[in-house]
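Asker: need coordinates for the following:
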Amino acid sequence: MTDFGAIDALLAQARKEVPLPPAEERRTLREELNLSRTQLAQALGVSPSTVGGWESGRDPSGEVREKYAYFLEGAKAKLAVESVESVESVESAESAESTAEVSPEEPDAEPTADQDDDVDTLATPRPCVLCGQPARHQVAGFPQHLDPAECGTGEPTRTAEPAVPARVEPQGPQGPQGPQGPQSPGRLRLSGRQGQAGGGVKVVPVGRRLKTADTPDLIGSAVAGALAEHSGDVEAATKALVKRAIPDAMALLDHSRKGGRYEVVAHPWLPDVLRKQSSRGPDLIWEARPKWARSELPPGEHEVTALDVNGAYLSALKTHLPLGQLEHSTGNQHNPRRSGVHLITPSDWDHDAYLPNPIGSRDEPGPLWVTEATLRLLLRISGPKYGLCDPPEIHESWTSGATEGLLEKFRVALKDARDRAIAEDDEVTLEYVKAMYSKFVSTLGESNYNRELYRTDWMHLIRSQAFANLWWKAHRAYDEGLMVVRAMGTDELHVIGDWRAVFTEGRGVTEVKVKDVYTVGTQNADEPVGFPAREIL
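Answerer: You can find the predicted model right below:
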């Protein structure tokens, strides 16, 4: 006889899973409330990487799914209310502007910790993100002077409410600089007098997110904080910053991705070719790392200059990266709109006497797995413009839709910070930035230090792009009449000749600097020269 009681109990327990919004909305809702993954993860009792997985397409289950759905619904409601209030407050402020009779010489009241929820009083002064001097307040989480007279920049301090749905449009030089209406939640607050250089600031509603021309200097703020924490001890501050380089790089990446056009799958399923073949062994991807030396030089004595290519991995962040999960395909076809890894048979290379092989130093013949960067290099130099080899044969591929600008804002932020550090002789920031981009690349694979982003394919792509960039520098040197005698790793190029006529000397990412100068060969012009077996460190 059927146990109706058991069926009733089963039906009582059964319930449909709470629906969740699409994955692309989940991250947007969190970001528009200016909440980090870590904050949300702590509230839900999960790890930040788990939240990242939910925002990339995975769905939670059980009780944590209900909690996550409750957060998302609450976020929608909060943003909807703030959107309506912001529009109403802006309209009210604009109406007040047209009737208020306030002298332009009268300074606006400065916001205090009681007047502005985004302004907090610090128990211990911290370096101002604008001038670096100790500040007693923080605005939206960043230490700042509220009084422009105290700030070393001599400019008004701007504070904004991050969740206000508005866009900032600076008034031009001919714009109105007269009376301003009362402050409202939808308006930027400026300390100091209205009508100073740069004109006033008008806020108009254009959606939910506040878009300002000023981006917080996360790198400068971190350096200033570390120096303050270690009482100006440069060595201790540098050590602390390098130690936290990975999470700081991920925070900078997350900040640079806000408002981005593309959603990234942070923890995709990976094909076997991208998995380690043993616990300590590598996967099957060949990165085309060069380790090449010219076998013979012309007779006589030669002065060789070893050049160091600056910021090789930083420049390589500009490469075609796949966005989503890799999909398999076969056939000798290349789709420039996609990126990934490819099984190819490269053609013969007949120029090893004076140019390195673009697939690196490989002795084994036959097919091999290469990245998009290597394949594009081979396809380009096999084309009609260069004609250096035959096109490679593509057997199969694992690819996804791709873009070359995915990490561009991230790269530019690091590059700008690096340039400023060099100009100001700031070794603390320079070492910190170098650790950020180098460790970012090295921990994208199977690493215990970076759980936010697991893209082994990206790691191989960025590395091989750095090797491809070095190959192009070698080709440029050869094409401009220099004699290329060695190419190693990502940043080492040895040449004979007037290299300054080809490359710009300096420390910028588009420049090179001298690593070493040495002499090879003999004074006997009739004796051929073999390149010495030596490593330049």
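Asker: burial of the closest residue to N357 other than its chain neighbours, as a residue count?
Answerer: The shortest distance from N357 to any non-neighbouring residue, by CB to CB, 6 or more residues apart in numbering, is to W349 (4.5 Å). Where you see a C-beta, it was placed from the backbone N, CA and C, and this is true even at glycine. Counted by other CB atoms under 10 Å, the residues lying close to W349 total 16.
Asker: can you read off the pLDDT for W349?
Answerer: Looking at W349, its pLDDT reads 94.
Asker: isn't it right next to P392, touching?
Answerer: No: contact criterion CB atoms under 8 Å: W349 and P392 do not qualify, at 11.0 Å.
Asker: do a quick rundown of the helices in the protein.
Answerer: Shown for the chain, the helices assigned by DSSP state H span residues 4-13, 23-32, 37-44, 48-54, 62-99, 218-229, 234-243, 245-256, 312-316, 372-381, 408-423, 427-442, 456-479.
Asker: do you know how far N332 is from L274?
Answerer: Separation of N332 from L274 (CB to CB, to the nearest Å): 22 Å.
Asker: nearest to the spatial middle of the chain, which residue is it?
Answerer: Against the mean C-alpha coordinate of the chain, by CA atoms, centre = their mean, the closest residue is F410 at 2.7 Å.
Asker: the spatially closest residue to that one that is not a sequence neighbour: what's it in contact with?
Answerer: Spatial nearest neighbour of F410, excluding adjacent residues (CB to CB, 6+ apart): S256 at 4.4 Å. Neighbour list for S256: 407, 409-410, 413 [criterion: CB atoms under 8 Å, 6 or more residues apart in numbering].
Asker: what's around the spatially closest residue to E431 that is not a sequence neighbour, how many residues?
Answerer: Counting by CB to CB, 6+ apart, E431 lies nearest to T238, which is 5.1 Å off, once chain neighbours are set aside. Burial of T238 is recorded as 21 neighbouring residues (other CB under 10 Å).
Asker: if I look at T238, how far off is E396?
Answerer: The value you get for T238 to E396, if CB to CB is used, is 46 Å.
Asker: now swap in P48 and tell me
Answerer: On the measure of CB to CB, P48 and E396 end up 35 Å apart.
Asker: H475 touches P356, doesn't it?
Answerer: No: at 9.1 Å, H475 does not count as touching P356 under the criterion of CB under 8 Å.
Asker: more crowded one of those two?
Answerer: Taking neighbours as other CB under 10 Å, H475 and P356 compare with P356 leading, 27 against 19.
Asker: from I496, how far out is the more buried one?
Answerer: From P356 across to I496, the span is 15 Å (CB to CB).
Asker: follow-up on the earlier one: do you know the pLDDT at the residue nearest to F410?
Answerer: If you check S256, the pLDDT there is 88.
Asker: T519 now?
Answerer: Reported pLDDT for T519: 94.
Asker: so it touches E303, yeah?
Answerer: Yes: taking CB under 8 Å as the definition, T519 is a contact partner of E303 at 5.5 Å.
Asker: common neighbours of the two, please.
Answerer: With contacts defined as CB under 8 Å, 6+ apart, no residue is adjacent to both T519 and E303.
Asker: state the distance from the nearest residue to V428 once chain neighbours are set aside to E427.
Answerer: Once flanking residues are discounted, V428 sits nearest to T238: 5.0 Å by CB to CB, 6+ apart. Distance, T238 to E427, using CB to CB: 7 Å.
Asker: in stretch 18-26, what's buried?
Answerer: Buried positions in stretch 18-26, judged by neighbour count with 16 or more other CB atoms under 10 Å: 20, 23, 26.
Asker: from those, pick the one nearest F467.
Answerer: For those, the minimum distance to F467 (CB to CB) is 34.2 Å, reached by A23.
Asker: give me the pLDDT value at the closest one.
Answerer: pLDDT, A23: 84.
Asker: please verify my assumption that it contacts G52.
Answerer: No: counting by CB under 8 Å, A23 does not reach G52; the two are 10.8 Å apart.
Asker: tally of neighbours for W54?
Answerer: 23.
Asker: now do the contacts for it.
Answerer: W54 sits next to 23, 26, 60, 68 when contact means CB under 8 Å, 6+ apart.
Asker: the second one and A69 touch, don't they?
Answerer: Same thing as R26. No: using CB under 8 Å as the test, R26 is too far from A69 to be in contact (10.2 Å).
Asker: shared neighbours of the two, which are they?
Answerer: Residues touching both R26 and A69 by CB under 8 Å, 6+ apart: L20.
Asker: in the protein, where is pLDDT below threshold?
Answerer: For the chain, the stretches with pLDDT under 70 are 1-2, 12-16, 82-119, 129-132, 139-143, 145-149, 151-215, 523-537.
Asker: quick one on the thing from earlier: and the contacts of W54, which is closest to V484?
Answerer: A23 (48.3 Å).
Asker: spatially nearest residue to the closest one, not counting backbone neighbours?
Answerer: Nearest non-adjacent residue to A23, counting by CB to CB, 6+ apart: G57, 4.6 Å away.
Asker: looking at the helices of the chain, which is closest to I344?
Answerer: Proximity of these to I344 was assessed by CB to CB; the nearest stretch is helix 372-381, lying at 6.5 Å.
Asker: for the nearest residue to T504 once chain neighbours are set aside, give me phi and psi.
Answerer: Nearest residue to T504 in three dimensions, chain neighbours excluded: E511, at 4.7 Å (CB to CB, 6+ apart). With angles defined as degrees, to the nearest 10, E511 sits at phi -120, psi 170.
Asker: neighbours of E511, how many?
Answerer: When neighbours are counted by other CB under 10 Å, E511 comes out with 15.
Asker: do G311 as well
Answerer: Neighbour count for G311, taken as other CB under 10 Å: 25.
Asker: how about G300?
Answerer: There are 15 residues near G300, going by other CB under 10 Å.
Asker: next one: it from I496, what distance?
Answerer: Distance from G300 to I496, by CB to CB: 11 Å.
Asker: check N310 too.
Answerer: As for N310, its distance to I496 is 21 Å (criterion: CB to CB).
Asker: again, but for S339
Answerer: Distance of S339 to I496, given as CB to CB: 37 Å.
Asker: one more: G281?
Answerer: Counting by CB to CB - G281 and I496 are separated by 39 Å.
Asker: more crowded one of the two?
Answerer: I496 (19 against 8).
Asker: before we move on, the earlier item: adding distance to G225, write the contacts of S256 out as a markdown table.
Answerer: Output for the contacts of S256, formatted as a markdown table (distance: CB to CB, whole Å):
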| residue | distance to G225 |
| --- | --- |
| L407 | 25 |
| K409 | 23 |
| F410 | 21 |
| A413 | 17 |
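Asker: and the residues you listed, which are buried?
Answerer: For these, buried by 16+ other CB under 10 Å: 407, 409-410, 413.
Asker: chain center to stretch 346-353, what's the gap?
Answerer: Taking the mean of its C-alpha atoms, stretch 346-353 sits 35 Å from the chain's own mean (CA atoms, centre = their mean, to the nearest Å).
Asker: what's around N357, how many residues?
Answerer: N357, neighbours per other CB under 10 Å, totals 19.
Asker: same deal with the one 3 residues further on?
Answerer: Number of residues near G360 (other CB under 10 Å) recorded here: 19.
Asker: roughly how far apart are it and E25?
Answerer: The spacing between G360 and E25, counted by CB to CB, is 43 Å.
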